[in-house]
Structures are given as structure tokens and as C-alpha cells.
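Participant: what follows is a predicted protein model with its sequence.
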Amino acid sequence: MKLLGKRAPVAPLEYTRRWSMRIWVGLVLLFLYTPLITLVAFSFNDSRRNIVWRGFTTKYYEKALHNSSLMEALTNSITIAALATVVSVVLGALAAVLLWRFRFPTKAGWEGAMALPIVVPEICMGVAMLAFFARLDLPQDLPWPFDLSQITIAHITFCFPFVAMVVRSRLASFNREEEEAAKDLGASEWQAFRDVLLPHMKPGLIAGALLAFTLSLDDFVITFFTSGPNTVTFPVKVYSMVRFSVTPEVNAASALVIALTVLLTTIALKLQSRMGTIAQGH
Amino acid sequence: MSDKTPIISIRNVTKRFKGAPSAAVDDVSLDIMPGEFFVLLGPSGCGKTTLLRMIAGFEIPTSGQILIDGQDMADVPPNKRPVNMVFQSYAVFPHMTVAQNVGYGLKIAGIGADEIRSRVAEALELVKLDGLDARMPDQLSGGQRQRVALARSLVMRPKVLLLDEPLSALDAKLRAQMQFELADLQDKVGITFITVTHDQDEALSMAGRIAVMNKGDVAQLAAPADLYEYPANRFVADFVGSVNIFEGKLTLDEPDKAAVDCPGLGKVWLNHGVTGAHGSNVWVALRPEKIYLHVPGEGKAVRAAAEDAPEGHNFARGQIKGMSYLGDITLYEIQLDCGAMIRVSRPNLSRHDQEDFTWDDRVSMHWRADSPVVLLS
Amino acid sequence: MEDWKRSRALFAAVATAPLTWLTLFFIIPMGVIWLYSFGTNAGLTEIEISGTLANYKKALEPLYLGIFAKSLVVAGITTAICLVVGFPVALAIVFASDKWKPWLLLGIMLPFWTNLLIRTYALMAVLRTEGYANQAIGWLHDRFGGLLTLVGLPAPGAYEPLHLLYNNFAVVLGLVYVHLPFMVLPLYAALDRLDRSLIEASLDLGAGHLRTLLLIVAPLAAPGIISGIIITFVPALGAYLTPDLLGGTDSQMIANVIERQFKRANNWPFGAALSFLLMYATFIAIAIQALKAKQAEKRR
């Protein structure tokens, strides 16, 4: 490419080709990524104080992977996220179909209540969960994974309205005539649902599931209020470690979670673009 | 017109979009005269809209020059150009009233409120929207929104008004009416209009001159009647109106007569000379309405054919394979005896004309020696 | 849409699970905390619902009112910075070429999907006294400080690390860092829906880019701008982790005070009252948004 010399002139609406805009976007991306990239980079740094580069090492990954409490926390987090995702997708899909399909008394109220977990500050929901479970006074020393049930219930409660929202916006593009056509051709209510409505909902369900999984994995505040001393999730563990000292193991474990996020996002985008091309192909 | 200087001069303009295999506009040169109603006609993707947008300043030519009133527009942004545009979507600002929309450009130009009011009123009257100034765009019909867009541009008194597919979003009846109105309006305000359209009827009915574009090139530049009757190439002949095209060999070429031997159609005689080398490959274009249809053996046909062409020329036989009755005319698809298909249209001059021929009838055809057009490309 | 009476069995099958769950695990817990906010501590773990308004009265004392005001100001500043920083980014993504657009979107979305705690932690590592930011500034200081003498200024002394962490600056920076994608995405969605020919029409009629932005783009993208503001403001107002980890002793926000009542001070009724005040503030913000969105909808 020509570095010097006259560049092709910029058309009026090509805002992205203006240098000022490019520098701005570049700075913003730098701001967003510098912390993350340095964190990942220095997780390979062979130095405890991890300030100065002292050579490449993977020993902190080994340490992190052998740190049983850290790994336990990570296992807990992923278990909770998986459970919460499955239940949230079912509940969210039902809620979406309910609000999309039926007219019933008190509907507006339920619609509002369903949106509340999305908008209520996390801290409020966290303390509400804390008070609620304290009131219930459930036994504390259940075997794994039943000791995670409080956290999982709390996570499902704030995840499924998100799933409902995503699936409902997908349902909005459903052509009711397709379902009527299925019934016209002899399908029962259930068959029409399974063969026509469910396939249409699928991208929404997948997007909702990914959203629920990430939200659950990401949550700190609500978990912080619902976790007992023996049920530590990854964010809660990292939080307590960060409070005391910054160790390279935390860097390594964080880098692993970042890698997991990148992987999940890539899968989500791949799925989405495939759905996109399928939708366009039809 | 030759003594005037062009209001818009397009000189060797090329536009290549990044990643596109070929140029959207390929070395186009055009002069547009003041007061003209100029139409850029072509199929979608031919580069006509790109050319218009380059005049407006929304696209920058890859190479070449655009002059407006003698001034090079290379470094002039759209908001400083003495042209205004009516967008295909009309682009009426949805959050402003009709009056605010029409007055927008004047307000930007820093013109006083009183003058804005009077000029807006004047412009709205011109497009027959008086009394609707307080309406919001969503309270207007499609046709009214278009008039707002027109008034909004006209009120700026531009040197040139650019119209991008101005009628494409209107229904057929309204479109026909607006064709007349636009031409009338242009006459009244005297501003140069440049219109882009893919609709040949629209172009033929409104334009003073038409540039037919194909794949980034100007295929022909001519007045409407010339374009229809004397197309310069197969693309124009086919794009403007309906046409039958047959390939053939030029067997006779003299200043006052010419003959082409078409394997698909027979011998075609012309009562004028053509430019082409003897024996070269050419195409004959014959419009459906210029072909006479007869019951075979009717002596009239042979006689009429013989009047202006030698025996055995400009005459064909076939069988009707398809028919569609359109009310004013009837279209026939006829399979010629040599196998090729030809389309013929016939005006229904009386109520029972469409009953003259029906499916599978044997028919004979003839055409006058000044009807076919010989195309070299 | 059909009436529930037409197919009761189907309705029951669809409605029972989500509505029960929502009632049991959301409405009831919220109700419990709401009742607590009118209660008093009766014992170590007992709370008596006495219908007292003392908790709310206490929440309106200058100390807590000050923290509320401060939370609002911090959330407001965060939102304003996010809007100013995010708007050009959203605009750039909308008008990026097809090749670049998905990558830019991904660039904005990836931090959005990354664990909040990890992001906050990463920012801490950059901002610490011995962190990368200070190191970079220190390096520049040592390297180019000498240049000052060339222009006649006194040579600077040894580099004093800046205190970038554990103060209000860090809290705002952290909140902007965390919430910037929240702002960019709705802005992008709103700007992307905008008919480009409207912008072109404005330019065509003589307006420059700035005036087009103010007179055409901003009013038409208003619903998106408002929802971006709310989507940034609401979580910033209730932020717990960022002020907790990045803030100093004077950067407590309302969520930190609530947490303290529940986890340390053990004054649940007061904490409940505070969290309901925070919730009311959130609802007011959302109600304003809904109202504005409706107005904008009407104008279209």
C-alpha cells in the first residue's frame, strides 16, 4: 500500500475512513484491550512481582491448575452455569411463548414482573436472595452439587428473563400462517409446535443459552450474597484472592476464563452467521 | 444548444468500488445543457445512480472530472455544491413538519425567518401541497412525501436538480400522473433536471435527452424517439421497448439500399444504406408493432411486401404458439417455419380484432423496408 | 394472539412453570426485603416487622443522602463519558466497510462478554502504583525529562508514581471501562437503523457534518441514545464491585453501603430500606426513558 502520497479522497459518508475517527476508535480499543492483553501476557511472565518481563513460563498455569480451591471454584462456576442455562432456556422459552401467544388477565403485570430481574440492581436482588434463603433456613451442609442449589436458583432467576426476552424477539418474526399451514396439513398442536415453531425459535434459544451461560459465569454480586463458606464460585474466589494479594496464579486462571469467553463468543458468532446464511438462503 | 456552455460536464469519469470486479462507472463523458430534462436510463447496477451520486458529491470519482457550471467539483463537498437531490426514498426528515423540512436548507443557509416562510409557501404551492405545512411526514401519502422532497430541493433554487428514481415508489396510476407533472414543473422552473430511472416508459415520456447506460458505459445518448427508432446496439434495442433480434450476414450494402440474410428470419431488405462491411456479421432488430400479420395466402400481404422490397424479402411464415390479450393490443408468439420465435403485436382497432387469429393458426407476416434496424454490435 | 380460555390446558402447560418460578424466587424474596425495610432488629437473627419508617428516616440522613448524591454524580459522569467516547465509535462501526464491521463489533463485544471481575482485576494491574501505567509514564519521564532542559526548563526530579488506584478517578475510569460496550451497542443499533439518505439529504441541502449530527442524526437516534444512557446509568448507579475494588475509603457508592449493612453491620432492615431507595431511583430512570421513547415514537 501507498504510505505516502495522496490517498483516495474520502466520500462524505465514509466516516470510518477519516483519520480522526480511526484514531478515536483505535484509542478506545486500546483502552478496552490493554488491561486484558497485559493480563494474559504477564500470566506467562516468570516473575512473582509480575512487573518486569523475566522470560516465558507456563508454571503459573500449572500452579493454577493444581490449586485445588481455585479449580474447585471454577468447577462450581461451570456446573452452576450449565444447570442455570438448561433450566433458564426451558423457563425462558415457556415465558416467551406465553407472553407472545396468549392474552390473559394480569398479563401486563406479569410482563412487568418478568422484566424486573433484568433491570433491578444486582445488589438489591442479591440482598433479597440472602434474606429469602436465610428465612427458609435450608440445611447448609448438603453434598456436592446440592450445596450449589441456592446459587443456582438465584442464577436461574436472573437468567431466564433474559432468555425470554431474546426468544420473544425471535418469535416476533414468526409468521403464524406457517403454524396454520402445518395444522391445515394435519399436524396436531404438539406436532405443529415441534415441527414449525420450535425450529423457528432455535436461533433465539441458542442465543439465549449462550447469554444465560455467560451471565451466570460472570455473576459476582448475587453469588456473593447467596454463597456459603463452602460454596465458592470462580468470581468469588478471584475476589477474595484479589483482596489479599495479586498472584500470577490469578492471572493464569483469568487468562483461562478469557480464553473460554473468546471461544464461546466465536461459537456464538459462527452459529449466528450460519443461521444468517440459512435464513437468507430461504 | 451548441453555443451554450454545459451546466454539467462529466469528463472521463471512472468509479471503481473497492473489491468490485469491474468499474461501476467506466470512463464516461457527458455534457448536460442548461434547462435540459436529462435522463440516465439503465438496468440496476449499470452505474447510473453512482454517476448521479458523484454529481451530488456523495461518491468521489476514482478518476476524471466533474464540472458544474464550469467549476471543478473535485474538492467541493455535497453541502457546498449548487445542486440538490431528490432521493429514491425521498429522505423526508421524519421528525420535522412539512414546512420545517422544506425550510431546512434555507435555515442552514442563514436566511431570515420571514423570507423562509414566504419561500416555503411558494415552493409548497408549486408542488400543490399548500395548506399541509404543519403536517408530519407520517401523516402524508407516498406521493405527498415525494412532493415535499421536491419542494425541499426546489426551494434552494439549485442550478441542477438531481432525481434518483423519483417515481419508483409510487403506484402505476400516480406514476403516470407524476411523469406529466414533473415535466411540467421542469418547464415552469427552468432548472436543469437529471433523473435516474430503470423504467423506459418514464424516460421516454419525460426526457429531452436520454443516456442509456450499461455496465458503467453510456450505450447511447439520444432523444427519446431516436433511441426507440434508431437504437445504436442490441443492448439499447432490447432495453428500450420490446424487440425481435436476428443474427445475419450483410449481403448488400449500397448508399440507398441494403440487405441482410438472416438464417432465423429470412431475407431482410432495407431502403437505406447501413455502415458495415459487406459479408460482415450483423443483427437485425425488428419491433413487434412494426410487423403486419395476415392469414396465409392473402394476396394483400405479398403485394404490400412487394411494394418496397424485392420479391422474397421482408416476408415470413409461421404458426401462432402463444397469445396474450392486453386490451389495447394483442401479443402473439409465433414460431417461424425455420424454428425461431418472433413476437408480434397487433392493435385491436375494432372490438373483434382479437378473434382474427388463435392458437396454432398458420400466419404470414411482412414488414416495411424502413422498419428493421441493422445493428453492428 | 389468542385468549387463554380458548385452550386452557395449553395455557396452563406454558404458564405454570415460569410464573411459579418468578413468584417463588423473585417476587417473594423482593417482598421479604420490602417488609424488612419496615422492620427492626429484634435479636441477633430475628427481625420484627413493626411497620416503622425509622429505616427510611435514617436513609435520608445527610451522610447517606450524600452517598446517594455521590452515586448519582459518579454514575452520571460515567454515562456522560461513555456517551461522548462511545458515539463516534458507534458511528464508525455503522459506516465501516463490510469487511471491517463484524470485527469492530466483535472488538466491542468481547470485553462485554468477559468476566466483570477479571476486567476489573486487569484494570487494577494496570493502575497499581507499580503497575504498567505508572511504569510507562515513568519510562517516558526518565527518557524525555532531560529534553526539558533543552528548552530552558529545569530538569524534573525523580519520577513520583501517580496514585491512580483507590480513589474516585479510578472508580469513574473503572465504571467507564466496564460500561462502555453497554453504551456503544444500543447506539450502534440505533444509528444502523437510520436511513442514510436522510444524512445525505441534509448534506445535500447545505448542512455540514456537525449540524447534520445535531439536527438530523441525534433527534432520529434519540430512542437509541436514551436507551444507551439508561443501560449505562442504571448498572453504574448500583455498581458494587468497581467502587469496592478500585475506590478508596471516600469512594463508597450506595451498593457498598447496602452490602455493609447486610454482611458486616448486620442491620438488615436499614440495608433493605437503602436497597429499595436504590430500586426506586432505578425505576424513575427507566420510567423517564419509557416516556421519552414514547414521545420519540410519536414524533416519528
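Facilitator: Yep, it's here.
Participant: three-state assignment of residue B:58?
Facilitator: coil (DSSP: H, G, I helix; E, B strand; the rest coil).
Participant: next one: it from chain C, what distance?
Facilitator: 6 Å (C-beta to the nearest C-beta, to the nearest Å). C-beta here means a position set from N, CA and C on the backbone, and glycine is covered the same way.
Participant: what of residue B:139?
Facilitator: 11 Å.
Participant: next, count neighbours for the residue of the stretch 101-250 of chain C found nearest chain B.
Facilitator: Scanning the stretch 101-250 of chain C for proximity to chain B using C-beta to the nearest C-beta identifies residue C:205 as nearest, at 3.4 Å. Other residues near residue C:205 come to 29 when the count uses other C-beta atoms under 10 Å in any protein chain shown.
Participant: now residue A:123
Facilitator: Other residues within reach of residue A:123, judged by other C-beta under 10 Å, total 29.
Participant: rewinding a little: now do the contacts for the residue of the stretch 101-250 of chain C closest to chain B.
Facilitator: B:79, B:84, B:104-105, B:108, B:152-153, B:156 (C-beta atoms under 8 Å, 6 or more residues apart in numbering or on different chains).
Participant: residue B:111 - that's part of a helix, no?
Facilitator: No: with three-state DSSP as the criterion, residue B:111 is located in coil rather than a helix.
Participant: on that earlier part again, which of the contacts of residue C:205 has the most neighbours?
Facilitator: Neighbour-wise, these (other C-beta under 10 Å) top out at residue B:152, 32 neighbours.
Participant: that one belongs to a strand, doesn't it?
Facilitator: No: Residue B:152: not assigned to a strand; according to three-state DSSP it is helix.
Participant: out of everything not next to it in sequence, what's closest to it?
Facilitator: residue B:102 (4.8 Å; C-beta to C-beta, 6 or more residues apart in numbering or on different chains).
Participant: what does the helix or strand where that neighbour lies rub up against?
Facilitator: Using DSSP states H and E, residue B:102 sits in helix B:98-108. Outside helix B:98-108, the residues that touch it by C-beta under 8 Å, 6+ apart are B:79, B:84, B:92-93, B:96, B:115-117, B:119-120, B:123-124, B:129, B:132-137, B:140, B:148, B:151-153, B:155-156, C:202, C:205-207, C:211, C:215.
Participant: now do stretch A:22-35
Facilitator: A:16, C:85-86, C:88-89, C:92, C:104, C:107-108, C:111, C:119, C:122-123, C:125-126, C:132, C:177, C:180-181.
Participant: for that stretch, the distance to its chain's centre please.
Facilitator: 23 Å (C-alpha atoms, centre = their mean, to the nearest Å).
Participant: in it, which residues are buried?
Facilitator: A:24-25, A:28, A:31-32, A:34-35 (16 or more other C-beta atoms under 10 Å in any protein chain shown).
Participant: can you lay out those as JSON lines showing pLDDT and secondary structure?
Facilitator: Putting these into JSON lines (pLDDT from 0 to 100; DSSP: H, G, I helix; E, B strand; the rest coil) gives the following:
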{"residue": "A:24", "pLDDT": "93", "secondary structure": "helix"}
{"residue": "A:25", "pLDDT": "93", "secondary structure": "helix"}
{"residue": "A:28", "pLDDT": "94", "secondary structure": "helix"}
{"residue": "A:31", "pLDDT": "92", "secondary structure": "helix"}
{"residue": "A:32", "pLDDT": "93", "secondary structure": "helix"}
{"residue": "A:34", "pLDDT": "89", "secondary structure": "helix"}
{"residue": "A:35", "pLDDT": "89", "secondary structure": "helix"}
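Participant: any weak-confidence spans in chain A?
Facilitator: A:1-9, A:48-52, A:245-246, A:272, A:274-282 (pLDDT under 70).
Participant: geometric centre of it: which residue is closest?
Facilitator: Most central in chain A under C-alpha atoms, centre = their mean is residue A:214, positioned 1.8 Å from the mean C-alpha point.
Participant: assumed that one was part of a strand.
Facilitator: No: assessed by three-state DSSP, residue A:214 does not belong to a strand; its assignment is helix.
Participant: who's in contact with the closest residue to it other than its chain neighbours?
Facilitator: Closest residue to residue A:214 apart from its sequence neighbours, by C-beta to C-beta, 6+ apart: residue C:113 at 5.5 Å. Listed by C-beta under 8 Å, 6+ apart, the contact set of residue C:113 reads A:214, A:261, A:264-265.
Participant: excluding chain neighbours, what is closest to residue B:28?
Facilitator: residue B:13 (5.1 Å).
Participant: give me the buried positions along the one helix or strand the one you found maps to.
Facilitator: According to DSSP H and E, residue B:13 maps onto strand B:8-15. Buried positions in strand B:8-15, judged by neighbour count with 16+ other C-beta under 10 Å: B:8-11, B:13-15.
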